[in-house]
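*Asks:* I would like to see how this sequence folds:
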Amino acid sequence: MSTQAKRGPLVGMRVLDLSHVMAGPVCGLMLADMGADVIKVENTEIGDTSRQMRTPSIEGQSAAFMMMNRNKRGLAVDLKRRQGQHVLQRLVRNTDVLIENYRQGTMEKLGVGYDVLAKLNPGLIYCEISGFGRTGPLASQGGFDLIAQSMSGIMSVTGEGPGRPPVKSGPPITDITAGLIAAMGVAAAYAHKLKTGTGQRVDTSLFEAGITQTYWQSAIAFATGVAPGPMGSAHPLSAPYQAFETRDGWITIGASNEKLWSAFLVVLDAPEIATDGRFKDNAGRMANLPALAALLAPHFRRRTSAQWLGQLETAGVPAGPVLSVQEMHAHPQTKARDMVPVVEHSVVGKVQTLGLPVKFSATPGAVGAGAPTLGQHSRDVLTEAGYGPGEIDDLIKDGVVAEPCRPVQ
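*Replies:* Coordinates of the predicted model:
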C-alpha cells in the first residue's frame, strides 16, 4: 500500500506511469490527484527528461519535474535489462493502468508491449499517448506540442491578425489537453473494467488534442468552406468579446449576446455607437468587427481597469483583468478554489504547486505530496510486489533498480 494518505474517487486504482516530460505525466497527475496510487517509473540513469530541465530549479530540483509529478511515488528501473523487464511484468500483475508515451514499437522492443502485458493481466488498461496516434500514416512519427499546434490548425488561428507570422499558444495546450483526454479515457476504461473485469488499450495523441481545440473554427470552416484566420483576442462568433486597453492596463469583456450588448452600452455611455446601424445585432458587429473595435478602444482608455470592472460587474457584463501568472496565483478566487496548494518535497521542503481543477462533493481529491526523487520509493514498491529485502538489495547492487543514497554500482 502507498505510504501517502490518499483520498478521492479513484482510491484503489494502481497506475504505473512510464511516461515522460508532459502529456503522459499530466494524465498520471490527474489520476493521482483523484486518489489513484501512481508510481512514476523512470530509468536508473537520469530519470524523466524533465529532471534535466534545471532552469529554473529549487535546491537543484527541476521545477518542471516537480510540477508534473507531485502526488506520485517513484521507482527507478532499467527496462533495457532483462531483469528490469521482469520487474515491470511482475508489477503489472497487480496494476490497473499503465501509461506510456514512447514512439511506436519502443515498448514492444523492450518486451513489455500491450500484447505481452495483457496476457499477464487481462484487466490491464494500457494508455498510449503519442504525437499522432497508433494508427494512420503518421503513427510512427514522433510529435511535440509545437508540431501538433501547427498541424492541428491552432497556429493558423492564433495571433494578432492576417498577414502576421504564425503564433503558438503560450502554454503547451496539446500536451496538456492530450493528458486530460487520456485521463478521461482511463477513467472510462476503468468504469468498464469494474463492470466486466476486462481491460483495453486507450490511445490518444497530441494531434487529436489539438484538433479538439478547434471546435468553433472547424464549425465555421464546415459551414462556410473558408478557413478562419487569427483574430487576436477576439472571438470568431461573437462581438465584442476581446481585450481592450484601459488607462492603466488591459481588461477583457464578453458582451456576447444582445442582452449583454444592451447592458454594455449603458456602461459605455457612447450614443454614437448605440445608434450606429452597423452594430444593431451580433451579425452586424461581427461583419464590422474592426470598425467596432476601433470605436470602442478610445472609450476604454478613459478609465482605469478597476473603474471599468466595477461598472461592468454592476451591470452584469462579464469582464476581467488580464493577469500575469503570479497575479493569478495571488488572486483570492485562485486561493478559494485551492488551486495553489503547498506540498512537502523530500529535498526542497515546502513547495507550491497547482491543484486539482475538479471538485467532488463526496470524494474530494487532494494534492498531498511533492514529486519523488529518482527511485525514492523503489524499495517500498518492490516490497509491495513481493520482493524480499535480499532480492531488492541484489537488484540495486546489479544496477537494475536504483534508490536514493544507494548509487548504482
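
*Asks:* any idea how far the longest helix belonging to the chain is from the middle of the chain?
*Replies:* Using DSSP state H, we find that the single longest helix of the chain is helix 173-196. Using C-alpha atoms, centre = their mean, to the nearest Å, the mean C-alpha position of helix 173-196 is found 13 Å from that of the whole chain.

*Asks:* quick one: buried residues of that helix?
*Replies:* Of the residues in helix 173-196, those buried under the neighbour-count criterion (16 or more other C-beta atoms under 10 Å) are 173-183, 185-187, 189-190, 193. For every residue, glycine as well, the C-beta is placed using N, CA and C.

*Asks:* what's next to that helix, contact-wise?
*Replies:* If you take C-beta atoms under 8 Å, 6 or more residues apart in numbering as the criterion, helix 173-196 is touched by 10, 13, 21-27, 29-31, 96-97, 99, 123, 125, 127, 129, 145, 148-149, 152, 154, 198-200, 202, 204-210, 212-213.

*Asks:* and the next element down the chain from it?
*Replies:* Downstream of helix 173-196, the first helix or strand assigned by DSSP states H and E is strand 200-205.

*Asks:* what angle do that following strand and helix 173-196 make?
*Replies:* On the basis of axes from the mean of the first three to the mean of the last three C-alpha atoms, to 10 degrees, strand 200-205 is oriented at 170 degrees to helix 173-196.

*Asks:* how far away from the center of its chain is strand 200-205?
*Replies:* How far strand 200-205 lies from its chain's middle: 17 Å, per C-alpha atoms, centre = their mean.

*Asks:* so which elements touch that strand?
*Replies:* The contact analysis (3 or more C-beta pairs under 8 Å, 6 or more residues apart in numbering; DSSP states H and E) places strand 200-205 against strand 125-130, helix 173-196.

*Asks:* want to try JSON lines for those, with distance to residue 276 and mean pLDDT as columns?
*Replies:* As requested, these are exported to JSON lines (distance: least, C-beta to C-beta, whole Å; pLDDT from 0 to 100):
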{"stretch": "strand 125-130", "distance to residue 276": "50", "mean pLDDT": "98"}
{"stretch": "helix 173-196", "distance to residue 276": "37", "mean pLDDT": "98"}
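
*Asks:* compare those and give me the one nearest residue 65.
*Replies:* Closest to residue 65 of the helices and strands packed on strand 200-205 is helix 173-196 (C-beta to C-beta; 14.5 Å).

*Asks:* circling back: looking at the contacts of helix 173-196, which are in helices?
*Replies:* Per DSSP H, the subset of these in helices is 23-27, 29-31, 145, 148-149, 206-210, 212.

*Asks:* ok, residues contacting the one helix or strand residue 383 maps to?
*Replies:* Following DSSP H and E, one finds residue 383 within helix 378-384. The contact list for helix 378-384 (C-beta under 8 Å, 6+ apart) reads 1, 3, 39, 73-77, 87, 91, 389, 391-392, 395-396, 401-403.

*Asks:* report the rounded mean pLDDT for the very next helix or strand once past that helix.
*Replies:* With elements assigned by DSSP H and E, the helix or strand that comes after helix 378-384 is helix 389-397. Averaged over helix 389-397, pLDDT sits at 98.

*Asks:* circling back: can you list the buried residues in the helix holding residue 383?
*Replies:* Buried residues in helix 378-384, counted by 16+ other C-beta under 10 Å: 378, 379, 380, 381, 382, 384.

*Asks:* ok so, going back, what subset of the contacts of helix 173-196 is buried?
*Replies:* Buried members of the contacts of helix 173-196, counted by 16+ other C-beta under 10 Å: 10, 13, 21-27, 29-31, 96-97, 99, 123, 125, 127, 129, 145, 148-149, 152, 154, 199-200, 202, 204-210, 213.

*Asks:* please enumerate the strands of the stretch 1-150 of the chain.
*Replies:* 14-17, 37-42, 57-58, 61-62, 73-77, 97-100, 125-130 (DSSP state E, counting those that start in this stretch).

*Asks:* would JSON lines of those strands with distance to residue 236 be doable?
*Replies:* Converted to JSON lines, those look like this (distance: least, C-beta to C-beta, whole Å):
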{"stretch": "strand 14-17", "distance to residue 236": "37"}
{"stretch": "strand 37-42", "distance to residue 236": "38"}
{"stretch": "strand 57-58", "distance to residue 236": "40"}
{"stretch": "strand 61-62", "distance to residue 236": "38"}
{"stretch": "strand 73-77", "distance to residue 236": "44"}
{"stretch": "strand 97-100", "distance to residue 236": "35"}
{"stretch": "strand 125-130", "distance to residue 236": "29"}
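
*Asks:* to residue 274, which of these lies closest?
*Replies:* Evaluated with C-beta to C-beta, the strands of the stretch 1-150 of the chain place strand 125-130 nearest to residue 274, the distance being 50.6 Å.
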